[in-house]
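**Q** Please work out how this folds:
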Amino acid sequence: MLLDLVVSVLAAGAWIASALVRNRLLVSFAIAATAARAVTVALLAGSGWWFVQDKVTLTLPLLLAFAVVAMVRRTPTAYLAAGYAALAGPVFTLLHGYPATWTSGLITVALVGGGATLTARVRGATRLRAAAVASATVLMVGVVLSFVAASSTVDPLGTVSLSSLRGPDSPVPGGTVRRFDLTARQATVTLASGATVRAWTFNGQVPGPPLTAAVGDLVEVTLHNADIAGGADGRSASSRGGVTLHWHGYDVPVAEDGVPGLTQDAVAPGESFVYRFRADRAGTYWYHTHEVSNEGVRMGLYGSLVVTGSAPSPAGVDLTLPLHTFNGSTVVGASDVVECRSVVPGTTVRLRLINTDNTPRVVGVVGSPVRVAAVDGTDLNEPDPVEEAGLRIAAGGRYDVTFTMPDRPVALRIAHSSSGLSFLPPGASVAPSADVGSWPVLDLLHYGHPAATPFGAGSRFDRSFTLVLDRGLAGTSYAYTVNGDAFPDVPTEVVRQGDLVRFTIVNRSQDIHPWHLHGHRVLVLSRDGSAPTGSPLWLDTFDVRPGEVWQVAFRADNPGIWMNHCHNLAHADQGMVLHLAYEGVRSDFHGAHGG
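**A** Down below sits the predicted model:
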């Protein structure tokens, strides 16, 4: 993708330079760069139509047509026109992105043609009225079509309201009611290093209180808002402002999902809201506000949720460690320095690592082989021990890492950070260190051992959707887009209860997009056409890196209207959001639906 942009710019520069400097070598270079552009497009086509659709249908034919004219006429004006056509390639990619439409195509052709006509006029050419009229007409048609094609997302009308899809009011037999109170308030927090930060907190602490339950319990959390009124700049994702609680990765009933303007109103200062759901799956999860979430989470409105199995866990060290960035410093758990813990050799250690940032974090364990026992709350099948492996956790993702304490020190280290955690056997005082960012990254698609799954790549899918992630102009803003649109104009995906649904997610942009569907786990079918060879991967957040194509699938078994978005929350804030809706379900709320 980058090579194609570079070749486009070189072709544009060479054609324009050929008009300014009469030099056969420059013209030859311009022709070669134009041919190279065709080659890069052909190479990109091997990765999927999504990467070349605008190039094959618009910008490459435009370049070739003007290049042929330039080679035939061999005039400075023709060379400049070819330069404009070459420049249309990278400009279209960077400003518009996917997909090329009749509207964007007509406007691009009109601008290139108009630029060539104006250049010819400035250079003294006459009899250009027909060309000028044609360019203006094409431009007007393109602009008119842009208004005709404008769309808005309307949630499917139905008879079942989201507010009626609440959680149960009792645990399963033998379970317990776990009640928690969380109060969102502004506070000054002192970190372990002595640094103080102004934060938005739950119960005056960062991270918020850890919430724990066992399978079968009923979790009841009462959220109070003391003084969080919305964004620090006065902006809020809904008209009310405030806070909510979203249970990241936990498939709660939709009315408990905590999306302002969609599943509830944001909890304004002085108000409260009760969330209730049954703990039906063990694992490591987390909670965070979904109202102005990019700012709210960054400021500290997050905490951990851990659900254990119904049977008692074996004795050992079990630590839940959210990884968060405050003012450029990494906070591991609640500490921004390297903390030391004394651990007896032979003890089983479990580290529940939660990435609460917008970007991936790479961590590593120094001094002991480790197993990645679970990812995103789901156990991996027969994970093998690995040493000196970088563990790359997606934004919003979780890794459960286990090891048996040896008779030597062990350390958890985070790439590009001085924070961490050291485990010392009695009598030891020096912890090991290493640049874990330089270690080879463990590829989860080829880790562990295969196991049966309820469906797979060869299954018959009832619904299939393709999401092409990009960046470009959407309306009046430069946004992060899905299929060329930004929220709220991305069409809602509609499914029926019981459907087997497949997503193809394509990243055309130069950014990493951690993709997160609320209310469902997805099974990874393939990445770039290659199926997993290790343990089945059930994820709720996964990094789609530049140029990657992921296929994932899930069973539609949790009725509601759900957010489906990039969990780089800054990207979501700038448009990379859409909804997945079940037929027959409607929202009671009419806010931004974005969070």
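
**Q** what about R123, neighbour count?
**A** Neighbour count of R123, defined by other C-beta atoms under 10 Å: 12. Using the backbone N, CA and C atoms, a C-beta is placed for each residue, glycine as well.

**Q** residue contacts, S47?
**A** Residues counted as contacts of S47 (C-beta atoms under 8 Å, 6 or more residues apart in numbering) are D528, G547, V549.

**Q** swap the cut-off to 7 Å and go again
**A** Contact analysis of S47 by C-beta atoms under 7 Å, 6 or more residues apart in numbering lists G547.

**Q** Pull up the per-residue confidence for it.
**A** pLDDT, S47: 91.

**Q** How about the secondary structure of it?
**A** Here S47 is coil, with the state taken from DSSP: H, G, I helix; E, B strand; the rest coil.

**Q** just for the chain, where's the confidence low?
**A** By pLDDT under 70, the low-scoring segments of the chain are 149-158, 230-240, 310-313, 590-595.

**Q** The top strand by length along it: how far from the chain's middle?
**A** Counting by DSSP state E, the longest strand found in the chain is strand 177-190. Computed by C-alpha atoms, centre = their mean, to the nearest Å, the chain-centroid distance of strand 177-190 equals 27 Å.

**Q** 53 is where my numbering starts, stick with that
**A** In the new count, where the first residue is 53, that last one comes out as strand 229-242.

**Q** what's it packed up against?
**A** Applying 3 or more C-beta pairs under 7 Å, 6 or more residues apart in numbering; DSSP states H and E, one finds that strand 229-242 contacts strand 248-254, strand 270-277.

**Q** Go through the first one and flag the buried ones.
**A** Of all the residues in strand 248-254, those buried under the rule 16 or more other C-beta atoms under 10 Å are V249, A251, W252, T253, F254.

**Q** which residues touch that strand?
**A** 234-243, 258, 260-261, 280, 348, 351-353, 355, 378-379.

**Q** between that strand and strand 229-242, what angle do the directions make?
**A** 160 degrees (axes from the mean of the first three to the mean of the last three C-alpha atoms, to 10 degrees).

**Q** what angle sits between strand 248-254 and strand 270-277?
**A** 130 degrees.

**Q** Would you mind listing the buried residues in stretch 81-101?
**A** In stretch 81-101, counting by 16+ other C-beta under 10 Å, buried: F81, A82, I83, A85, T86, A88, R89, T92, V93, L96, S99, G100.

**Q** Could you work out the most separated pair of the residues you listed?
**A** Spatially, the most separated pair among those is F81 and G100, at 30.4 Å (C-beta to C-beta).

**Q** And the contacts of strand 248-254, which of them are buried?
**A** Neighbour counting by 16+ other C-beta under 10 Å classes 234-239, 241, 243, 258, 260, 280, 348, 351-353, 355, 378 among the contacts of strand 248-254 as buried.

**Q** For H501, pull up the helix or strand it's in.
**A** Assessed by DSSP states H and E, H501 sits outside every helix and strand.

**Q** separation between the closest residue to N610 other than its chain neighbours and A265?
**A** Once flanking residues are discounted, N610 sits nearest to G571: 4.6 Å by C-beta to C-beta, 6 or more residues apart in numbering. Distance of G571 to A265, given as C-beta to C-beta, to the nearest Å: 19 Å.

**Q** The two: who's more crowded?
**A** It is G571, of G571 and A265, that has more neighbours when counted by other C-beta under 10 Å, with 25 against 22.

**Q** three-state assignment of the more buried one?
**A** Using three-state DSSP, the structure places G571 in coil.

**Q** One more: A133?
**A** Following three-state DSSP, A133 is assigned to helix.

**Q** That one: neighbour count?
**A** The number of residues packed around A133, counting by other C-beta under 10 Å, is 27.

**Q** quick one: it from G167, how far?
**A** 7 Å.

**Q** now A87
**A** 23 Å.

**Q** All the helices of the stretch 503-647 of the chain, in order from the start?
**A** 621-625 (DSSP state H, counting those that start in this stretch).

**Q** Which stretches in it count as strands?
**A** Taking DSSP state E, counting those that start in this stretch to define them, one finds strands in the stretch 503-647 of the chain at 515-526, 529-534, 545-547, 552-559, 565-569, 574-579, 590-591, 593-596, 601-607, 613-618, 629-634, 637-638.
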